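Asks: model this:
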Amino acid sequence: MIREEFNDDCDWEGGNVISWRSTQCKQYGEEQTLPDPVDIMDLKCPEIKSLNKENLSEFEALMLGEISNDGSSEDELDIDTTTCSSEDDGFFPFMDLPLEIRQQIYHWIHLMNPVRLTQFAPWYPIPVNRGYFVQAITAPPSNADTTKTPEEDPGPVATGTAPLLSPWRPYSCMPSSMLRVSKQIYYESRELPFRNNEFVFVNWFASGLWAARSFVKGLQSWQMQTMHYARLELLSRDLAGRHVDEWKELCGAWSKGLRGLRLKILSSGGGGVAGGGVSWVVAGSPQRGAPTAGVRDEEGKIEEWVENGLKQLKKLRCLEVELSAADWDENIKLEWCRSLEEALNESKTETEQYVRVCSVERARDL
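Replies: Purely as a prediction, here's the structure:
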C-alpha cells in the first residue's frame, strides 16, 4: 500500500508505508503497476523511521523483543534464555560423581532388573526361583557331659555357630542399554551380577553338575573368576568314578573367584542314562543303603574329589553341606563335615584362608 491511500482521518504521523514484494494492486477498480519499492524509498529521508535501537520508543522496543516487561535488555534476555535452555536439557554430570556413589547406583539398577526365566515350550516345566533356607545342625550333648555343671559345660558343640551364607542373594542382571553407554560404565558395572548373585544349579532332568558345567562353558575368563556364590545340587555318584573329571573341571573354573558354596549331595536318584550320556534324575526320598560320597578312603587318603576338586577353590571361605542320606543321623553328618574341614585345611599355610565347613539341613519351618 502507498501513503496516498491514507486519508486525513487515519492519525498517521511521520514515516512511510510502502508495499513489500507485491508489485500490483487494485485502485478504484483498475489494476495499476507500481514501481519497485526500493526505487521509491529514500532511506535517508528524515520522514522514514529507522529501526535502530537508539530511535525506538519503549512500546516499539517491547514489541520487537528488545526489552521485556520488567525492563530487561536483549543481552540479559539472551543470558536468561541460555540458562533456562541448559537447565531444560537435563544434563547431569554422572561421571563427575565419586566412584563409590556410581557403584551404589549400579547396585540399585542391578536389583531392579531380575532375571526372567524363558520357557522353551508350553509343556516344558521350569524350576521356580525362590529362597532356599537351611539351618545349621548342632550336636546334642553326650551322656558323659550330663554330670557337668553349667559352669563347666560351655554348651553344645555346633558347626554352624558362625553366620550361614545368605539365602537372600539376588537373581538379577544389568540392562544391556546401560552397559552400552560408555566403556568406563561398562567396566565399572559388568562384574556386579557375578559378584552379588547366587548362581543356582539344581537336579532338573539332569544332575546339577552337568547344568553348572554347561553354564560356565559359555562364560569368559573374567566372568568365571568373578563368580562369588553358588548353590549346587549333585548326586553322590558325580563325585566318584568317571564323573570326577567333570567335577574337577568345574572346580577349576571357579578356582579364582568362588567364596561361598552351598552344596547338596543326594545319595539317591538316577534310574538310567539318556541319550548323549546325560543322567536323568528321578525325584524321591533318600534310599537306604545307597552309596554316599566319602572324604577319605579305607587307607585314610583324601578322596580325589576333595584333593583335586575342592582344594582348587583358593578363594573359598564358607562351605555349607547338606547331606541327603537315609541311613545317616545328625552325628554322622557332623562328623563327615568335620572330616571334610580337616582335609581342606590340613595343608594350608598361615597366609591362606581357612575354609569353614558347616553341616546344614533344610529349615523345617519353611
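Asks: would Leu219 count as being in a helix?
Replies: No. Looking at Leu219 with DSSP: H, G, I helix; E, B strand; the rest coil, it is coil, so not inside a helix.
Asks: ok, it to Leu192 distance?
Replies: 15 Å (C-beta to C-beta, to the nearest Å). Just so you know, the C-beta spots here come from the backbone N, C-alpha and C atoms, and that holds for glycine as well.
Asks: what of Ala206?
Replies: For Ala206, the distance to Leu192 - C-beta to C-beta - is 29 Å.
Asks: same question for Cys318.
Replies: 21 Å.
Asks: how about Thr226?
Replies: 9 Å.
Asks: then Lys264?
Replies: Taking C-beta to C-beta, one finds Lys264 at 27 Å from Leu192.
Asks: where do the helices of this protein begin and end?
Replies: With DSSP state H, the ranges of helices along the chain come out as 37-40, 58-63, 74-89, 99-111, 176-179, 183-189, 192-196, 208-217, 221-225, 244-253, 304-307, 330-345.
Asks: Arg362: which of these is closest?
Replies: Nearest to Arg362 among the helices of the chain is helix 330-345; the distance by C-beta to C-beta comes to 12.7 Å.
Asks: what is the closest one packed up against?
Replies: The contact analysis (3 or more C-beta pairs under 8 Å, 6 or more residues apart in numbering; DSSP states H and E) places helix 330-345 against helix 304-307, strand 318-324, strand 356-362.
Asks: and those as a markdown table, adding distance to Leu250?
Replies: Formatted as a markdown table, those follow (distance: least, C-beta to C-beta, whole Å):
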| stretch | distance to Leu250 |
| --- | --- |
| helix 304-307 | 11 |
| strand 318-324 | 14 |
| strand 356-362 | 18 |
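Asks: of those, which is nearest Thr292?
Replies: strand 318-324 (7.2 Å).
Asks: what's in contact with that closest one?
Replies: The contact list for strand 318-324 (C-beta atoms under 8 Å, 6 or more residues apart in numbering) reads 134, 162, 164-165, 259-268, 286, 292, 310, 333, 336-337, 340, 344, 355-362.
Asks: number of nearby residues for the nearest residue to Gln184 once chain neighbours are set aside?
Replies: Once flanking residues are discounted, Gln184 sits nearest to Met95: 6.9 Å by C-beta to C-beta, 6 or more residues apart in numbering. Using other C-beta atoms under 10 Å, Met95 is surrounded by 12 other residues.
Asks: all further residue positions should be reported with the first residue as 21.
Replies: All set: I'll call the first residue 21, so the last point we hit is now Met115.
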